[in-house]
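Q: here is a sequence with its predicted model. Questions after.
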Amino acid sequence: MKIKKFGSTEAKIYDMVHPIAEEHGLIVWDVRFEKEGAMWYLRVFLDHMERPVNIADCEAVTRPLNKLLDETDPIPQTYTLEVGSAGLERELIRETHFDACEGSKVRVRMIRPLEDGTKELTGILKQCDRETVTLDLDGAEKTLPLSGIAFVRLADFDETEVKRAAESSAE
């Protein structure tokens with residue numbers, strides 16, 4: 001796993017969607033511009049500080065964003081716009097995600113089993129840098145190389161983590 005940064009298209013779209021989301025009391029958790037098969041997808045993942053994201057939230061962001069995308073035409077190829085919730089067990093892929101979720105319970109899946117045969121761990125995220133992720137596993141710290149991790153996802157997501165993520169993203 002590598003910590004991802006916004007590509008130029010994703011950064012442009014983030015700058016466009018951020019004020020729209022903020023106007024509706026939402027935060028932009030992530031923007032992804034991805035190719036799947038022959039199709040390109042522009043995916044915007046939203047979060048809310050105090051409650052789950054619902055379909056009305058997604059619609060409230062989709063309509064003005066779609067209009068803005070049509071007017072400015074920042075993406076030359078054909079794509080499908082998808083706006084949705086970041087989800088309860090969202091994947092952490094960006095530095096801001098790891099920073100926002102420090103102290104939260106996460107699930108880590110390894111690419112290959114560790115020496116003891118363990119392939120999946122659940123613990124408290126202590127820290128993440130460009131090379132490693134450190135977890136608190138019931139009082140014992142375990143540092144794992146990012147290069148050996150398939151994914152890191154939130155586990156047992158609660159409102160405290162929503163607020164922490166929102167505050168961090170707003171900075």
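A: Perfect, thanks for sending it. Numbering: from 1, shown residues only.

Q: who's in contact with the closest residue to Leu92 other than its chain neighbours?
A: Nearest residue to Leu92, sequence neighbours excluded (C-beta to C-beta, 6 or more residues apart in numbering): Val152, at 4.6 Å. Yep, even glycine has a C-beta here, placed from its N, CA and C like the rest. Residues counted as contacts of Val152 (C-beta atoms under 8 Å, 6 or more residues apart in numbering) are 1, 91-92, 98, 106-108, 125, 128, 133.

Q: rerun that using 10 Å as the cut-off
A: 1, 90-93, 97-98, 101, 106-109, 121, 125, 128, 133, 135, 144, 146 (C-beta atoms under 10 Å, 6 or more residues apart in numbering).

Q: quick check: it vs Lys67, distance?
A: Distance, Val152 to Lys67, by C-beta to C-beta, to the nearest Å: 35 Å.

Q: out of the contacts of Val152, which are inside helices?
A: Within the contacts of Val152, residues falling in helices by DSSP state H are 97-98.

Q: what kind of secondary structure is Pro64 in?
A: Look at Pro64: counting by DSSP: H, G, I helix; E, B strand; the rest coil, its state is helix.

Q: please tell me how far it sits from Lys126.
A: 39 Å.

Q: what's the domain layout of the chain?
A: The chain breaks down by automatic domain parsing into domains covering 8-85, 95-170.

Q: need the distance between the two termini of the first one.
A: From the first residue to the last, domain 8-85 extends over 22 Å; the measure is C-alpha to C-alpha, to the nearest Å.

Q: again, but for stretch 43-55
A: Stretch 43-55 has its terminal residues 15 Å apart, counting by C-alpha to C-alpha.

Q: and the strands in the protein, which stretches?
A: Counting by DSSP state E, the chain has strands at residues 26-36, 39-48, 80-85, 105-110, 120-128, 132-137, 140-145, 149-154.
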